[in-house]
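Visitor: Sharing a model prediction with you, sequence too.
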Amino acid sequence: MPKQLVVLNNPKATGASCGTGTGATAAGPDRARTPRWRKRNLRIALVRHHDLCLNTRQISQIQRRAGVLPHLGLGYIHTALKSAGFHNVIQVDTPALGLDGEGLRKLLADFQPDLVGVSTTTPGLPGALEAAAAAKSTGAKVILGGPHTEVYAAENLYHDSIDYVGVGEGITIMVDLAEALEQGEDPDGIRGLVSRTFDGGAAPMVNLEDVGWPEREGLPMDRYYSIMAPRPFATMISSRGCPFKCSFCFKQAVDKKSMYRSPEDVVGEMTLLRDRYGTREIMFYDDVFTLHRGRVYEICELIRSTGLKVRWEAPTRVDLVPDKLLNAMAGAGCKRLRFGIEHGDSEILQRMNKESNVGKIEKAVTSAFEAGIKGFGYFIVGWLGETRQQLQATVDLACRLPLDYASFYTATPLPGTPLHTECVEAGAIPADYWDRFVRGEFSERLNHLVPDAEARARYAYRSFFLRWQMAKPLLGHAVTTGQWRNTASGVISLAKSNNNTDRDF
Ligand code: B12
Ligand code: SF4
């Protein structure tokens, strides 16, 4: 049961600016802010501990080899805290450091934090709870944040190890919370902060350009890798938000607006990555990189005019890549586009509300290939009511497109999405599964929408990767990335994976 905190005498004043220089505002008490130049002593740890991911949409053969990617959200929070004068801050990325729960506990016990911020997705919550318990054992205050809390907020306070939940922009919430704790004030009243005695709603989105670039110093940069990229590699985000409404996607459940960084700011960070870390490839985490076409042209032009030599890749939709744009991106170092293709059956594409069709998909991926940009296809298998023929349509489409990589996720109804509502209404999943999951009852995975979804995913992977046509791209890929062992073991493990089920759909 949640602990009840004593309600302090909280003035609940409104609208005080936090004065952090991050563009942040707090709806919190009208605090006398410490001047920015004064060093603050609060010790803060920002943690990502996501190994225990239940309900992943990826089959294990692939999940294990996909790579370890830097967490940008915590990097941005770190930068904002530094700008606000908090310098005793560490980021702890346990998948990169190779730490288990006990390793994390020891690291935190050594650091003796006053405040620990733990980031989580919904499927990653088991790992986050383990991190919160490790943090609590050191006596620190613990706050949970990340995409998960945008749907489930107060419910997380069921766990004694969590003192606060941050909803929305952690950049502002963490600075406000750190300032309140530093000054011995009651944090209740901070916008976006939820405690056992206060609900501060959601902290609104800020333009990342106003925050500065994500802090990477102290991170084990040499430990990060993606199976698709040569090392050293890094990640960036140049825009946030998406106006589309794909029914499985969590973004449309929470996104209220878009945010774009200027081309100068984006290319500036790319240059820093190349110069400081020797980065050879940058992976963009945007929702849809080419949403604002004019801005992408400007980014490409700036890359070319500054002579920046770095490979990059980005996610997009098939309806947002005209030929001219593809040529501009190819000329500016874009090596791969990750397309949200999702399915090969037009009825399922419609039910996904994808606003695309097979013709548009073929045109976009082929045009990219002709422009010299490789294609990565995201597909979803095991959709509610998916027939064997519909699955085969996806596999056939994936195999005839000029893609050099593909991922086949199993359909997973994340909370807050239209897919979730549809599945509950169809009786395919229990209505209260995620509520129980958040309370810690996660001994079993959420039902797949078709019982043999994992076998379907394996079938799709095997059909796609175990083809002679893939020998050349995979070999070329291993040469460019140097990831011979990872690539070979992925293929071998797929080849060995149980094929009997392929006929059982
Ligand atoms: C990159 C990415 C990944 C990378 C993760 C790399 C990494 N280390 O972060 C990879 C490919 C590994 C990945 C995997 C998965 N992902 Co993912 N991923 C993304 C993506 C595209 C970008 C994340 C990002 O960097 N955003 C930019 C930064 C600035 O924002 P942010 O991280 O959200 O942080 C801000 C706030 O969330 C908040 N915040 C974050 N942490 C904290 C902590 C505290 C204490 C506080 C107060 C606030 C706070 O403040 C930050 C800035 O103000 C998002 C979609 C998106 N555009 O956000 C999906 C997304 C986060 N992923 C999602 C999912 C479902 C998954 C998987 C489950 C998919 C799968 N394979 O099965 C796994 C789960 C991984 C796990 N173990 O948890 C969902 C999460 C939905 C949900 N309900 O939680 C998203 C939103 C995609 C979607 N549209 O549905 N993912
Ligand atoms: S899947 Fe991509 S295009 Fe669709 S809503 Fe999500 S971010 Fe937007």
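Guide: Arrived safely, thanks for sending. Numbering: from 1, shown residues only. Ligands and ions are numbered 1, 2, ... in the order given.
Visitor: For residue 375, give me phi and psi.
Guide: Dihedral angles of residue 375 (phi, psi; degrees, to the nearest 10) stand at phi -120, psi 130.
Visitor: can you count the residues close to it?
Guide: 22 (other CB atoms under 10 Å). The C-beta positions use only the backbone N, C-alpha and C, and glycine is treated the same way.
Visitor: can you check the one 3 residues further on too?
Guide: One way to gauge burial is a neighbour count; for residue 378, by other CB under 10 Å, it gives 15.
Visitor: On the three-state scheme, the residue nearest to it when sequence neighbours are not counted is what?
Guide: Distances taken as CB to CB, 6 or more residues apart in numbering place residue 340 nearest to residue 378, at 5.1 Å, with adjacent residues excluded. Under DSSP: H, G, I helix; E, B strand; the rest coil, residue 340 falls in the strand class.
Visitor: How about the contacts made by residue 340?
Guide: The neighbours of residue 340, taking CB atoms under 8 Å, 6 or more residues apart in numbering as the test, are 246, 315, 316, 317, 318, 354, 378.
Visitor: Tabulate the residues you listed (a markdown table), appending distance to ligand 1 and secondary structure.
Guide: Converted to a markdown table, the contacts of residue 340 look like this (distance: CB to the nearest ligand atom, whole Å; DSSP: H, G, I helix; E, B strand; the rest coil):
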| residue | distance to ligand 1 | secondary structure |
| --- | --- | --- |
| 246 | 9 | coil |
| 315 | 7 | strand |
| 316 | 13 | strand |
| 317 | 13 | coil |
| 318 | 17 | helix |
| 354 | 14 | coil |
| 378 | 10 | strand |
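Visitor: In PyMOL, how would I select the buried members of those?
Guide: Of those, the buried ones can be selected in PyMOL as follows, counting by 16 or more other CB atoms under 10 Å:
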select buried, resi 246+315+316+317+318+354
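Visitor: mind listing what's buried in stretch 298-313?
Guide: Buried residues in stretch 298-313, counting neighbours by 16+ other CB under 10 Å, are found at 298, 299, 300, 302, 303, 308, 310, 311, 312, 313.
Visitor: any bit of it sitting next to ligand 1?
Guide: No - on the criterion CB under 6 Å from any ligand atom, stretch 298-313 is out of touch with ligand 1, staying 12.5 Å away.
Visitor: Would you mind putting the CA coordinates of that stretch into CSV?
Guide: In CSV, the C-alpha atoms belonging to stretch 298-313 read as follows (Å, rounded to 0.1, in the frame of the first residue of the first chain):
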residue,chain,number,x,y,z
GLU,A,298,18.3,23.5,-44.6
ILE,A,299,20.0,20.8,-42.4
CYS,A,300,21.3,19.1,-45.5
GLU,A,301,22.5,22.3,-47.0
LEU,A,302,24.3,23.3,-43.8
ILE,A,303,26.0,19.8,-43.6
ARG,A,304,27.2,20.2,-47.1
SER,A,305,28.4,23.8,-46.8
THR,A,306,30.3,23.1,-43.6
GLY,A,307,31.9,20.0,-45.1
LEU,A,308,30.8,17.9,-42.1
LYS,A,309,31.6,14.2,-42.8
VAL,A,310,29.5,12.0,-40.7
ARG,A,311,27.0,9.3,-41.6
TRP,A,312,23.5,9.6,-40.2
GLU,A,313,20.2,7.8,-40.3
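Visitor: Tell me which residues touch the residue of the stretch 301-450 of the chain found nearest ligand 1, please.
Guide: Residue of the stretch 301-450 of the chain nearest ligand 1, by CB to the nearest ligand atom: residue 414 (4.8 Å). Shown in contact with residue 414 (CB under 8 Å, 6+ apart): 122, 123, 248, 250, 253, 420.
Visitor: what two of these are the furthest from one another?
Guide: The distance between the two most remote of the contacts of residue 414 (CB to CB) is 14.7 Å, for 123 and 253.
Visitor: the more surrounded of these two?
Guide: residue 123 (21 against 16).
Visitor: what's the pLDDT at the residue nearest to the more buried one when sequence neighbours are not counted?
Guide: Nearest non-adjacent residue to residue 123, counting by CB to CB, 6+ apart: residue 55, 4.2 Å away. Looking at residue 55, its pLDDT is 86.
Visitor: Please apply the same query to residue 485.
Guide: pLDDT, residue 485: 79.
Visitor: State the pLDDT value of the residue of the chain found nearest ligand 1.
Guide: As assessed by CB to the nearest ligand atom, ligand 1 sits closest to residue 145 within the chain, at 2.0 Å. With respect to pLDDT, residue 145 scores 98.
Visitor: again with the one 10 residues further on
Guide: pLDDT, residue 155: 97.
Visitor: What is the neighbour count of it?
Guide: 17.
Visitor: was I right about it contacting residue 438?
Guide: Yes - using CB atoms under 8 Å, residue 155 is in contact with residue 438, at 4.8 Å.
Visitor: May I have the secondary structure class of residue 427?
Guide: Here residue 427 is recorded as coil under three-state DSSP.
Visitor: Can you check what pLDDT the model gives it?
Guide: Residue 427 is assigned 95 on the pLDDT scale.
Visitor: Can I get stretch 213-228 in PDB, CA atoms only?
Guide: Output of stretch 213-228 as PDB, limited to C-alpha atoms (Å, rounded to 0.1, in the frame of the first residue of the first chain):
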ATOM      1  CA  TRP A 213      22.800  19.700 -25.900                       C
ATOM      2  CA  PRO A 214      22.400  16.500 -23.900                       C
ATOM      3  CA  GLU A 215      25.200  15.900 -21.400                       C
ATOM      4  CA  ARG A 216      27.400  13.000 -22.500                       C
ATOM      5  CA  GLU A 217      30.500  13.600 -20.400                       C
ATOM      6  CA  GLY A 218      30.900  10.700 -17.900                       C
ATOM      7  CA  LEU A 219      28.800   8.300 -20.000                       C
ATOM      8  CA  PRO A 220      30.600   5.100 -21.200                       C
ATOM      9  CA  MET A 221      30.400   6.300 -24.800                       C
ATOM     10  CA  ASP A 222      32.600   3.500 -26.000                       C
ATOM     11  CA  ARG A 223      30.100   0.900 -24.700                       C
ATOM     12  CA  TYR A 224      27.200   2.100 -27.000                       C
ATOM     13  CA  TYR A 225      26.600   0.300 -30.200                       C
ATOM     14  CA  SER A 226      23.800  -0.400 -32.600                       C
ATOM     15  CA  ILE A 227      23.900  -3.500 -34.800                       C
ATOM     16  CA  MET A 228      23.300  -1.200 -37.700                       C
END
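Visitor: immediately after the helix or strand bottoming out on mean pLDDT in the chain, which helix or strand?
Guide: Lowest on mean pLDDT, DSSP states H and E among the helices and strands of the chain sits helix 251-254, with a mean of 64. Downstream of helix 251-254, the next assigned helix or strand under DSSP states H and E is strand 259-260.
Visitor: Against which helices or strands is the helix or strand just after that next one packed?
Guide: For strand 259-260, the following helix or strand on the C-terminal side (DSSP H and E) is helix 263-277. Secondary-structure packing of helix 263-277 (3 or more CB pairs under 8 Å, 6 or more residues apart in numbering; DSSP states H and E): strand 233-236, helix 293-306.
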